[in-house]
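K.L.:
model this:
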Amino acid sequence: MNIALDAMGGDHAPHAPVKGAIKALKNSHDNLNIVLIGDEYNIKQELSGFNSKKLSILHASEIITIGDSASKIVKTKPDSSMVKGIGLLKDKKADAFISAGNTGAQMATSLLTLGRIAHVKRPALSAFIPALSGGKILCDVGANPDVSPKNMLQFAIMSSVYLDHVEGIKNPKIGLMNIGEEPTKGSELYQKTYLLLKKELPNFIGNIESRNILICDADVLVCDGFVGNTLIKFAEGWVQSFAEMIKKKILSKARYKIGAQMIQPALEEIRNKYDYEEHGGSPLLGVNGISIVCHGSSSSKAFMNSILLAQKSINENLIDDISKGINEHLEPLSES
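P.N.:
Numbering: from 1, shown residues only. So this is what the prediction gives:
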């Protein structure tokens, strides 16, 4: 099993990707091989003498910046770590690609280089949301701001397969994000999507309001990319702000500090549960290959878990089973 890892992507590159690769090799019991792609000199500096036959370096001289056009990366930066890594995946020299670099560039390059799974109209990006009982998948979270009901049906199918195979949640329940629980709530798009999901998916349980995301019975939450991106970024900001408020309040009085020490183990458990780094990145669903998108601020821990996620996705034949799931609904998904 070969994993291509973008060593130059992310806020903490190349330190975090390289250290994450080392941790993954130490924690994996599978036949895992990792290719670190990026500036060879900088990667070797981070390896600090670590040697393994399972770890290799592929030099890439170009770096993708925020100012680069995502749709033109393949042509303008052919020697970048992202383009070369996804190229390895296309040429079957790697079984998965992982990056915390420019998300738009990864999506565009994956789509142009790997293509779509047959009959998939719009690849989508999902996010894992820790909840009171286990976790949920929110899809789409930014790849498709403008969608159709058929697109959202595909998002539901692909996310369900992912949750079933990789997270081990069998027959996941599906909910549609909306402004109310009634079938007639929301825009025309969401009303039509409700009817289509109800007709096609036995596990569809109806509309879900945002206040019920963490407590609802749904395992998969479907929405367009605009709504999903707004939700996920609000959640990230709120968690950071809430943690800062608690910290300031604890430090404001001596008796609060004493109390905090007593409940510190419980606080640590909660923090770990809601830490995205525990789950790593998310695969770009619908492209014909395992391309995992990581958070830009990912640490070595997040990269390690992303590599372990890639292993699961490969072992569970994620791409083939998404294709099977889409094929079961070809008639409603076909263009009218």
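K.L.:
after the lengthiest helix in the chain, next one along is what?
P.N.:
Ranked by residue count and defined by DSSP state H, the top helix of the chain is helix 225-251. The first helix or strand that comes after helix 225-251 along the chain, using DSSP states H and E, is helix 254-262.
K.L.:
all the helices of the stretch 151-300 of the chain, residue numbers only.
P.N.:
188-200, 225-251, 254-262, 264-273, 300-315 (DSSP state H, counting those that start in this stretch).
K.L.:
quick check: which of those helices is buried the most?
P.N.:
Comparing those by mean neighbour count (mean count of other CB atoms under 10 Å), helix 300-315 comes out on top with a mean of 22. Every residue, glycine included, has its C-beta placed from N, CA and C.
K.L.:
for it, packing partners?
P.N.:
When contacts are defined as 3 or more CB pairs under 8 Å, 6 or more residues apart in numbering; DSSP states H and E, helix 300-315 packs onto strand 2-6, helix 15-27, strand 96-99, strand 291-293.
K.L.:
quick check: mean pLDDT across the longest helix of the chain?
P.N.:
Helix 225-251 shows a mean pLDDT of 87.
K.L.:
same thing with stretch 254-268?
P.N.:
Stretch 254-268 comes out at a mean pLDDT of 85.
K.L.:
output that stretch as PDB, restricted to C-alpha atoms.
P.N.:
Extracted as PDB, the C-alpha positions of stretch 254-268 are listed here (Å, rounded to 0.1, in the frame of the first residue of the first chain):
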ATOM      1  CA  ALA A 254      -8.200  31.300  42.400                       C
ATOM      2  CA  ARG A 255     -11.100  29.000  43.400                       C
ATOM      3  CA  TYR A 256     -12.000  28.600  39.700                       C
ATOM      4  CA  LYS A 257      -8.400  27.400  39.100                       C
ATOM      5  CA  ILE A 258      -8.700  24.800  41.900                       C
ATOM      6  CA  GLY A 259     -12.000  23.600  40.600                       C
ATOM      7  CA  ALA A 260     -10.600  23.300  37.000                       C
ATOM      8  CA  GLN A 261      -7.800  21.100  38.200                       C
ATOM      9  CA  MET A 262     -10.300  18.700  39.700                       C
ATOM     10  CA  ILE A 263     -12.300  18.300  36.500                       C
ATOM     11  CA  GLN A 264      -9.300  18.500  34.100                       C
ATOM     12  CA  PRO A 265      -9.500  14.800  33.100                       C
ATOM     13  CA  ALA A 266     -13.100  15.300  32.100                       C
ATOM     14  CA  LEU A 267     -12.300  18.400  30.100                       C
ATOM     15  CA  GLU A 268      -9.500  16.600  28.300                       C
END
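K.L.:
give me the residues contacting it.
P.N.:
249, 250, 251 (CB atoms under 8 Å, 6 or more residues apart in numbering).
K.L.:
give me the neighbour count for residue 316.
P.N.:
Here the number of neighbours of residue 316 (other CB atoms under 10 Å) works out to 16.
K.L.:
who are the contact partners of it?
P.N.:
165, 166.
K.L.:
run the last query once more with 10 Å
P.N.:
Counting by CB atoms under 10 Å, 6 or more residues apart in numbering, residue 316 touches 161, 162, 164, 165, 166, 168.
K.L.:
and those residues, which is closest to residue 203?
P.N.:
Comparing the contacts of residue 316 against residue 203 with CB to CB picks out residue 164 as the nearest, at 10.4 Å.
K.L.:
geometric centre of this structure: which residue is closest?
P.N.:
The residue lying closest to the centre of the chain (CA atoms, centre = their mean) is residue 282, at 1.6 Å.
K.L.:
got the contact list for the nearest residue in space to it that is not next to it in sequence?
P.N.:
In space, and not counting its chain neighbours, residue 282 is closest to residue 126: 5.0 Å by CB to CB, 6 or more residues apart in numbering. Taking CB under 10 Å, 6+ apart as the contact definition, residue 126 lies against 136-141, 143, 155, 158-159, 162-163, 220-222, 228, 232, 282-285, 293.
K.L.:
apply 6 Å and report the result again.
P.N.:
Shown in contact with residue 126 (CB atoms under 6 Å, 6 or more residues apart in numbering): 137, 139, 159, 282, 285.
K.L.:
same thing with residue 303?
P.N.:
Taking CB under 6 Å, 6+ apart as the criterion, residue 303 is in contact with 16, 17, 20.
K.L.:
for the spatially closest residue to it that is not a sequence neighbour, list the residues it contacts.
P.N.:
Counting by CB to CB, 6+ apart, residue 303 lies nearest to residue 20, which is 2.5 Å off, once chain neighbours are set aside. Residue 20 makes contacts with 300, 303, 304, as judged by CB under 6 Å, 6+ apart.
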